[in-house]
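K.L.:
quick one: sequence plus predicted model below, questions after.
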Amino acid sequence: MAFIAHVDDDQVIAAAVAARADLIVSGDLKHLLPLGSHQGIDIVDAAEAVRRIAAGA
């Protein structure tokens, strides 16, 4: 796992990986969103998550 600058963010990513999540939805413009994805889990903002859900993706 690539650890990032903030311990809380690492915990979010670790939980998403453990849960086999499809998406991580975040408003963290400084740490999480710039990653784009981690281990195949896309990291998106709320607007993008709504678009994907509405599209059935």
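P.N.:
Received it, and whenever you're ready, just let me know what you need. Numbering: from 1, shown residues only.
K.L.:
C-alpha from now on. contacts and neighbour counts both.
P.N.:
OK.
K.L.:
look up how far Gly56 lies from Pro34.
P.N.:
24 Å (C-alpha to C-alpha, to the nearest Å).
K.L.:
helices of this protein, start to end?
P.N.:
Secondary structure of the chain (DSSP state H): helices located at 7-18, 46-55.
K.L.:
in this protein, where is pLDDT below threshold?
P.N.:
Counting by pLDDT under 70, the chain has low-confidence residues at 1-5, 57.
K.L.:
coming back round to it: more crowded one of Pro34 and Gly56?
P.N.:
Between Pro34 and Gly56, Pro34 has the larger neighbour count (other C-alpha atoms under 10 Å), namely 11 against 7.
K.L.:
before we move on, the earlier item: hey, which of the helices of the chain is tucked in deepest?
P.N.:
Neighbour counts (mean count of other C-alpha atoms under 10 Å) averaged over each of the helices of the chain peak at helix 7-18, with a mean of 14.
K.L.:
and that one, how far from the chain's centre?
P.N.:
With C-alpha atoms, centre = their mean, to the nearest Å as the basis, helix 7-18 stands 9 Å off its chain's centre.
K.L.:
cool, and stretch 23-32?
P.N.:
That offset, for stretch 23-32, works out to 6 Å (C-alpha atoms, centre = their mean).
K.L.:
list the buried residues for it?
P.N.:
Leu23, Ile24, Val25, Ser26, Leu32 (16 or more other C-alpha atoms under 10 Å).
K.L.:
relative to Gln39, how far out is the last one?
P.N.:
With distances defined as C-alpha to C-alpha, the gap from Leu32 to Gln39 amounts to 13 Å.
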